[in-house]
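J.: Need the 3D shape of this:
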Amino acid sequence: MSALTGLERAMERFGASLLARVRTREPVELVEALCKECDDNIVVCSESRIVVPNAYDVELAEFAHEELERNGDRIDLVLADRLLRHGESRGYEWAGPLAVHVTKSRDVPNGRYRVASHVMKHVRAGAFQH
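T.: Here you go, the predicted model:
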């Protein structure tokens, strides 16, 4: 009986650790991944003009998506704000209005998230609705 109790405690610790990682580390990792995606796709037009994609798709593993939604934050708006700050700090020019679209996925390569970007012209920043 005590082995089962130990197993249950180990499972509780694992679950708590996983949730803590999603709550604290995951958004930081997502921001870093978005910034890297932005930086990796710059187009240098001149010394004073660097253009970057304006549309970013973030696919989250189901557990991460549900946990972030449960926290009550609009993760798409939080990520867009952080990405906007990153771009401004580097002097980037967006190819159009910035939009970050977050979806849940069962098939993400690292088990947590996938980030992709592209240029989408003539799209309002609030065009993606939940």
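J.: CA atoms for contacts and neighbours, from now on please.
T.: Will do.
J.: just the strands in this structure please.
T.: 43-46, 49-52, 55-61, 92-94, 99-105, 113-118 (DSSP state E).
J.: Could you check how far the nearest residue to residue 121 once chain neighbours are set aside is from residue 68?
T.: Among residues not flanking residue 121 along the chain, residue 96 sits closest, at 5.7 Å (Cα to Cα, 6 or more residues apart in numbering). Going from residue 96 to residue 68 by Cα to Cα, to the nearest Å gives 27 Å.
J.: Please list all residues in contact with the most centrally placed residue in the chain.
T.: Centroid-nearest residue in the chain, with Cα atoms, centre = their mean: residue 30, separated by 3.8 Å. Residue 30 makes contact with 79, 113 under the criterion Cα atoms under 8 Å, 6 or more residues apart in numbering.
J.: so how many other residues sit close to residue 49?
T.: 12 (other Cα atoms under 10 Å).
J.: Count the residues that sit near the residue nearest to residue 121.
T.: Neighbours of residue 96 (other Cα under 10 Å): 18.
J.: swap in residue 31?
T.: With other Cα under 10 Å as criterion, residue 31 counts 18.
J.: pretty sure it is touching residue 82, no?
T.: Yes. Taking contacts as Cα atoms under 8 Å, residue 31 lies within contact range of residue 82: 6.8 Å.
J.: Hmm, residue 119 is touching residue 99, no?
T.: No. The criterion here is Cα under 8 Å, and residue 119 misses it with residue 99 at 10.1 Å.
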